[in-house]
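Student: Got a sequence here, can you build the structure:
(chains A and B)
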Amino acid sequence: GNSVTQMEGPVTLSEEAFLTINCTYTATGYPSLFWYVQYPGEGLQLLLKATKADDKGSNKGFEATYRKETTSFHLEKGSVQVSDSAVYFCALGGGANNLFFGTGTRLTVIP
Amino acid sequence: DSGVTQTPKHLITATGQRVTLRCSPRSGDLSVYWYQQSLDQGLQFLIQYYNGEERAKGNILERFSAQQFPDLHSELNLSSLELGDSALYFCASSPGELGRTGELFFGEGSRLTVL
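Tutor: From the prediction side, this is the model:
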């Protein structure tokens, strides 16, 4: 079945550090892949997505590349800011009616 | 602001009780999704409605039920509550079926505490 395995947190980084949050998936076919972000006290919102192999999604300085050969979709950012502190969720498109979410990774960026 | 409204924001109740959580989707969105977020289980898909009809079911307990009304708002009913039902319940909406776009618009959630 479809599933997403996400890097355990929490992750604490200093401002301007490099960020990687690992995400691997198991799926039949070629699903779309997503990263959602949840800021404190808010609901989740879409950060970026990739709909086919080798696609790179990017937004707000974050990037992730859809790697079919390693079934991965790792989230990266070259220089994190305090305002990036949030919980990040990797998700996999489960067809027309569902998204499968990972367990979330809490990122804290300290000045 | 995603445009999705959930009420109540916080709810404290006792075991064995029944509660109703309400969701108003973004204007024009036909699909409503319910998710449960607990500390140890992450974000679990419960159920989806499209234009009043149930379309997909996830790990929803038999004690839970939902419906989507003609004005497209949705309610999630939780009954015979147990301590383990304490969680943050999210509603999300999308214009139609998810397809490959995958963009859901989430409300801020309803935090349920069962004592």
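
Student: Which other helices and strands does the strand or helix carrying A:L13 contact?
Tutor: Counting by DSSP states H and E, the element that carries A:L13 is strand A:11-14. Here strand A:11-14 touches strand A:19-21, strand A:105-110, going by 3 or more C-beta pairs under 8 Å, 6 or more residues apart in numbering or on different chains; DSSP states H and E. (Glycine included, C-beta is placed from N, CA and C.)

Student: So which residues make contact with it?
Tutor: Strand A:11-14 is contacted from outside by A:L19, A:I21, A:V80, A:T105, A:R106, A:L107, A:T108, A:V109, A:I110, A:P111, using C-beta atoms under 8 Å, 6 or more residues apart in numbering or on different chains.

Student: what would those look like in CSV with distance to A:G1?
Tutor: What follows is the contacts of strand A:11-14, written out as CSV (distance: C-beta to C-beta, whole Å):
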residue, distance to A:G1
A:L19, 30
A:I21, 23
A:V80, 33
A:T105, 22
A:R106, 26
A:L107, 28
A:T108, 32
A:V109, 35
A:I110, 38
A:P111, 42
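
Student: Any chance of the helices and strands packed on strand A:11-14 in a markdown table with mean pLDDT as columns?
Tutor: Output for the helices and strands packed on strand A:11-14, formatted as a markdown table (pLDDT from 0 to 100):
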| stretch | mean pLDDT |
| --- | --- |
| strand A:19-21 | 97 |
| strand A:105-110 | 96 |
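
Student: Mean neighbour count for those - can I get that in JSON lines?
Tutor: Shown next, in JSON lines, are these (neighbours: other C-beta atoms under 10 Å in any protein chain shown):
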{"stretch": "strand A:19-21", "mean neighbour count": "18"}
{"stretch": "strand A:105-110", "mean neighbour count": "17"}
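
Student: can you put these in JSON lines and add distance to chain B?
Tutor: As requested, the helices and strands packed on strand A:11-14 are exported to JSON lines (distance: least, C-beta to the nearest C-beta, whole Å):
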{"stretch": "strand A:19-21", "distance to chain B": "14"}
{"stretch": "strand A:105-110", "distance to chain B": "11"}
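
Student: if we can go back for a sec, could I have the CA atoms of the strand holding A:L13 written out in PDB?
Tutor: Taking Å, rounded to 0.1, in the frame of the first residue of the first chain, the C-alpha atoms of strand A:11-14 are listed here in PDB:
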ATOM      1  CA  VAL A  11      15.400  19.200  14.400                       C
ATOM      2  CA  THR A  12      17.100  22.300  15.900                       C
ATOM      3  CA  LEU A  13      19.300  24.500  13.700                       C
ATOM      4  CA  SER A  14      21.000  27.800  14.000                       C
END
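
Student: so how far is it off the chain centroid?
Tutor: Remark: strand A:11-14 is offset 16 Å from the chain centroid, using C-alpha atoms, centre = their mean, to the nearest Å.

Student: Which positions in that strand come out as buried?
Tutor: By 16 or more other C-beta atoms under 10 Å in any protein chain shown, the buried positions in strand A:11-14 come out as A:V11, A:L13.

Student: Run me through the strand neighbours of that strand, direction for each.
Tutor: Within its sheet, and counting by DSSP bridges, strand A:11-14 is paired with strand A:105-110 (parallel).

Student: Can you get me the start-to-end distance on stretch A:70-85?
Tutor: Chord length of stretch A:70-85, first to last residue, is 28 Å (C-alpha to C-alpha, to the nearest Å).
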